[in-house]
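Asks: Turn this into a model:
(chains A and B)
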Amino acid sequence: MKSIEKLMRKMEPTHDSKWAKFHPVWDALYTFAFTPGETTKKGAHIRDGIDLKRTMFTVIIALIPCLLFGIYNTGHFHYVALGTAGDYLDLFGAKAIYGLSKVLPIVIVSYAVGLGVEFIFCIRNKHAIQEGFLVTGMLIPLIVPADIPLWMVAVATIFAVVLGKEVFGGTGMNIVNIALTARAFLFFGYPTMMSGDKVWMSGLSEVPTATLQANHVTGATQLGELASFTGPQDDWVHQGGITAFENIWPIWDSFVGMIPGSVGETSVIAILIGAAILLYTGIGSWKIMTSFVLGGLAVGYLANAFGTEANPYLLVDPINHLVIGGFAFGAVFMITDPVSAAQTSTGKYIYGFFGGALSITIRVFNGAFPEGVMMAILFMNVMAPLIDHYVIQSNIKRRLKRLKKTA
Amino acid sequence: MSRTIKLRKGLDIKLHGEAEKVKIAVQSAAFAIKPPDFHGLMPKMTVKVGEKVSTGSVLFFDKYQESIKFVSPVAGEITEILRGEKRRILEIKIKPDGTDASVNFGIVNPDSMDEAGIKQILLANGLWPFIKMRPIDIVANPNDKPKAIFISGFDSSPLAPDFDFVLHGETEAFQAGITALTKLTTGKVHLTTRGNSVSDSIFKGIKGVQSNTIFGKHPAGNVGTQIHHIDPINKGEVVWTVNALDVALIGRSLLAGKFDSTRTIALTGSQVKKAKYIKTQLGACISDLLSDNLIGDNNRIISGNVLTGDKVAADGYLGFYHSHITVIPEGNESKFLLTKGWLGSGKGKFSINRSYFSWLTPNKKRVLDTNLNGEIRAFVVTGEMEKVFPFDIYPMQLIKSTIYNDIDLMENLGIYEVAPEDFALCEFVCTSKIDIQDKIRKGLDVIKSECM
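Replies: As a prediction, the model looks like this:
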């Protein structure tokens, strides 16, 4: 190891060399390989073993089950579209390879483009490169459909990193979640590639309509079908209302993840493994996660209580709400992003609860946005400083009250 | 009326190298008083190099508060006045001559003294600097009227000396010190002891104080924590604090009628061969105390504890307020990512998170080095400081307000209630490796110059 370190030290650009401005790049590579021998100067002489690299790496580990499942699921639904899928575990190798060929390029493009932008800004601003994008780069591929063109991933990533983060000053300064910024950009910029019933099964748009009809494949997701309930009854996908819907889409399939959708969001089991890692290591905030789920359940039950047959979406089992679409993924990986979330303890409960509640509200009332989670989280990101402000004001008031009492 | 406080938040960092309960006496061959130990002090010298001093002779006084005198801990000769940048005085070195010549002010019975009398004796004989004030955490201003005086009966920081052991047999001196302090305030004198210790505490049966008990992990022993939970400081109020060991020192000096600089310190840390207690004097030279007792030579010697102490050179001197020396390994070697770095198993590291495997052995005594374990970053992770900060204060928001110098916000968020040492654990756990105690100190400096 000493020799590698010596070699890297030798390559360090000095102030007067023509490579001097690339020092941040060297620094990023060096600190990736070696935690520097930097010691404490004053204050606490010993420090906690954790650093931002370890924190981000733990989140990536937590995302791996979702990624692996997403790869296989992508392959499976490709064969569903072709009509030759068989049982879920049939053609295991072929499905895995096809999934890999679809998902891996998205991951590579997302990391390459995002880190490229980050490097450029750090060289320009003469900052050290911070680790924020390590997680974002993994999140972006997991929240887009597998058929997304790679250039769109690149454009969205550039947009998100530049306008979501760098204009505010880089890692730790962003207002909204970067990965969701990228998704929102795609959602509004290229709606045909992000919604409808042509994009959720990989390769479906190239399969002849006749084959699809013969195999009874529609390509729609649960959210798409449910969203039709918010319109007039003639447009309903399932004329039998909610019971007909639930017969076709068993809750168990949604829990395991055997449903079409964005790459990483389908399997609640994989997400729960990630949640367990985040919560057990203490990296993720259990306050936000649980209150997000509680908020979703609360609105789900309220909708159940007041819903009528006129909008059967209101009658969906609240538990079912938790396992379809991106709700679980949002609860574990998106709303918990510490930079864009509320920062005070009390604020975290409020923030999470409203996030979950708003997600389900958008779902059941607004057919134009079949998935409310993204909108709800972005909205709550913007609201988080306001929530914190009022939480902090109450602390300040408590202090002033004490002052008046003693005076 | 005594109070019992239970803390849920906090963190005990278990380190290797606790002091064994044996006391040995060491005579140091050199002494120094370091004006930087008294934050914000502008010293005005009254002695010159080569001058003879006796124990208790005034060395310098506070330029802006001339009544506060700082005295020599031993009799001897001034050998050097070490100056740093901008001719700031760093150390006043004294070579002891082995005599016990000292300035006598006559045996004092604090019971029969009034406020002005006690104050005059403490100020003139170098005993006043032991009294510190909150807010700001500096030497107390004798013109203030403190609403209370707080004394912590224990030190909960890592490897801290056991006050029961150090003060054993000094009940009389401690009581005298307390009695003197009770004269200085119209309010109460609070003595707070650890709830879960069952030793034959010398603090039992002390008269003139309100005895409180506190349960919980570090920083339960920090006087700031105790003040916050017993009688929090509001804007415009002043509280004085004295370390329990210094109370005994004050008491001893009053009863003897002369400045008694004897101090029992704990020599601790993983790099010390034989960790033990040493009876020496204020300002003793570290090298005499360590004498061949170290393992290896790449060590950090800290006067004080690992969280708040000062880094000192091997030939440096014991800090004025310190009764503790800790020696830990320097971490100035880079760590390869897979073996000891950020992708490793976490051997030799300690974390409040469970992302390293150190959580499997929570009670293991660790050897931690001084490596930052990462690079300095913007604040990203939230909620970690709150786990170790038992105040009704938002730590991260307060730190940020000190960084961008918003005085109103600092006041509102409770800057008057905190001292840098209260944030030591926040600094320890900070994922972004920010020097938090330094930020708080700078915030307090701003408050001192703008609002006091």
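
Asks: mind listing what's buried in stretch A:26-44?
Replies: A:26-28, A:30-31, A:33-40, A:43-44 (16 or more other C-beta atoms under 10 Å in any protein chain shown). Heads up, the C-betas are built off the backbone N, CA and C, glycines and all.

Asks: Would you map the strands across chain A?
Replies: In chain A, the strands defined using DSSP state E lie at A:34-35.

Asks: And the residue nearest the centre of it?
Replies: With distances taken as C-alpha atoms, centre = their mean, chain A has residue A:334 as the residue nearest its mean C-alpha position (4.6 Å).

Asks: what about it, distance to chain B?
Replies: 16 Å (C-beta to the nearest C-beta, to the nearest Å).

Asks: Contacts only, for residue A:225.
Replies: The contact partners of residue A:225, taken as C-beta atoms under 8 Å, 6 or more residues apart in numbering or on different chains, are A:237, A:238, A:245.

Asks: Can you give me the distance of it to residue B:343?
Replies: To residue B:343, residue A:225 is 44 Å away according to C-beta to C-beta, to the nearest Å.

Asks: So what does residue B:62 have for phi and psi?
Replies: phi -80, psi 120 (degrees, to the nearest 10).

Asks: From the contact counts, what lies against the host helix or strand of residue B:396?
Replies: Using DSSP states H and E, residue B:396 sits within helix B:395-403. Other helices and strands packing on helix B:395-403, by 3 or more C-beta pairs under 8 Å, 6 or more residues apart in numbering or on different chains; DSSP states H and E, are helix B:407-413, helix B:436-451.

Asks: Residues in contact with the longest one: which ones?
Replies: In other words, helix B:436-451. So helix B:436-451 is contacted by A:42-44, B:39-40, B:135-138, B:308, B:398-399, B:401-403, B:405, B:407, B:410-411, B:415-416, B:418-424, B:426-427, B:430 (C-beta under 8 Å, 6+ apart).

Asks: likewise stretch A:384-401?
Replies: A:175, A:340-344, A:346-347, A:350-351, B:234, B:392-394, B:397, B:412-414.

Asks: Filter these down to the buried ones, PyMOL style.
Replies: Selection of buried members from these for PyMOL, criterion 16+ other C-beta under 10 Å:
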select buried, (chain A and resi 175+340+341+342+343+344+346+347+350+351) or (chain B and resi 234+393+394+397+412+413+414)
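
Asks: circling back to that earlier point, so which of the contacts of helix B:436-451 belong to helices?
Replies: B:398, B:399, B:401, B:402, B:403, B:407, B:410, B:411, B:424, B:426, B:427 (DSSP state H).

Asks: What parts of the stretch 301-407 of chain A come near chain B?
Replies: A:338-339, A:341, A:343-345, A:348, A:392, A:395-396, A:398-400, A:402-403, A:406-407 (C-beta under 8 Å from any C-beta of the partner chain).

Asks: For the spatially closest residue to residue A:214 that is not a sequence neighbour, grab the count of nearby residues.
Replies: Distance criterion C-beta to C-beta, 6 or more residues apart in numbering or on different chains; nearest residue to residue A:214, sequence neighbours excluded, is residue A:83 at 7.1 Å. Using other C-beta atoms under 10 Å in any protein chain shown, residue A:83 is surrounded by 14 other residues.

Asks: close enough to count as contact, residue A:83 and residue A:217?
Replies: Yes: at 6.8 Å, residue A:83 counts as touching residue A:217 under the criterion of C-beta atoms under 8 Å.

Asks: Model confidence at the residue nearest to the centre of chain A, what's the number?
Replies: Looking at residue A:334, its pLDDT reads 93.

Asks: can you tell me which residues contact residue A:317?
Replies: So, once contact is read as C-beta under 8 Å, 6+ apart, residue A:317 ends up touching A:246, A:251, A:300, A:304.

Asks: Just give the nearest non-adjacent residue to the second one, would you?
Replies: On the basis of C-beta to C-beta, 6+ apart, the spatially nearest residue to residue A:251 that is not a chain neighbour turns out to be residue A:320, at 5.3 Å.

Asks: could you check the distance from that neighbour over to residue A:249?
Replies: 8 Å.

Asks: likewise residue B:190?
Replies: With C-beta to C-beta as the criterion, residue B:190 and residue A:249 are 65 Å apart.

Asks: and the residue of the stretch 151-300 of chain B nearest chain A?
Replies: residue B:234 (4.2 Å; C-beta to the nearest C-beta).

Asks: how about the closest residue to chain A within chain B, secondary structure?
Replies: Relative to chain A, the nearest point of chain B is residue B:374 (2.4 Å; C-beta to the nearest C-beta). When classified by DSSP: H, G, I helix; E, B strand; the rest coil, residue B:374 comes out as coil.

Asks: Can you read off the pLDDT for the nearest residue to it once chain neighbours are set aside?
Replies: Distances taken as C-beta to C-beta, 6+ apart place residue A:51 nearest to residue B:374, at 2.4 Å, with adjacent residues excluded. As summarised for this prediction, residue A:51 has a pLDDT of 88.

Asks: so who does residue A:51 touch?
Replies: A:35, B:342, B:373, B:374, B:375, B:377, B:431, B:433.

Asks: Next up, phi/psi of the residue of chain A found nearest chain B, please.
Replies: Residue of chain A nearest chain B, by C-beta to the nearest C-beta: residue A:51 (2.4 Å). Backbone torsions for residue A:51, taken as degrees, to the nearest 10, come to phi -140, psi 180.

Asks: buried ones in stretch B:256-264?
Replies: B:257, B:258, B:259, B:260, B:261, B:263, B:264.

Asks: near chain A, from those residues?
Replies: Restricting these to those within reach of chain A (C-beta under 8 Å from any C-beta) leaves nothing.

Asks: Just the buried ones out of the contacts of residue A:225, please.
Replies: A:237, A:238, A:245.

Asks: Just confirm the second one contacts residue A:249, I think it does.
Replies: No: judged on C-beta under 8 Å, residue A:238 makes no contact with residue A:249 at a distance of 9.7 Å.

Asks: interface residues of the stretch 101-250 of chain B facing chain A?
Replies: B:232, B:234, B:235, B:237.

Asks: which SS state does the second one fall under?
Replies: Using three-state DSSP, the structure places residue B:234 in coil.

Asks: Does the worst-scoring helix or strand of chain B on mean pLDDT reach chain A?
Replies: Lowest by mean pLDDT, DSSP states H and E among the helices and strands of chain B is strand B:335-336, with a mean of 80. Yes: residues of strand B:335-336 contacting chain A under C-beta under 8 Å from any C-beta: B:335, B:336.

Asks: who touches that strand?
Replies: A:1, A:4, A:5, A:33, A:34, A:35, A:37, B:341, B:344, B:371.

Asks: so who does residue B:173 touch?
Replies: Applying C-beta under 8 Å, 6+ apart, the residues near residue B:173 are B:248, B:249, B:251, B:252, B:255.

Asks: mind listing what residue 347 touches?
Replies: Picking chain A for this. A:384, A:387, A:388, A:391.

Asks: actually it's chain B I care about, not the one you picked
Replies: Residue B:347 neighbours (C-beta under 8 Å, 6+ apart): B:340, B:357.

Asks: before we move on, what about the one 5 residues further on?
Replies: Taking C-beta under 8 Å, 6+ apart as the contact definition, residue B:352 lies against A:48, A:282, B:11, B:384, B:387, B:388, B:429.

Asks: looking at those residues, which has the most residues close by?
Replies: Ranking the contacts of residue B:352 using other C-beta under 10 Å puts residue A:48 first, with 28 neighbours.

Asks: per-residue pLDDT, it?
Replies: 90.

Asks: quick one: it and residue B:355 touch, right?
Replies: No: at 10.4 Å, residue A:48 does not count as touching residue B:355 under the criterion of C-beta under 8 Å.

Asks: pLDDT below threshold where in the stretch 51-200 of chain B?
Replies: B:197-200 (pLDDT under 70).

Asks: What ranges does it have for its helices?
Replies: Applying DSSP state H, counting those that start in this stretch to the stretch 51-200 of chain B gives helices spanning B:115-124, B:163-166, B:171-182.
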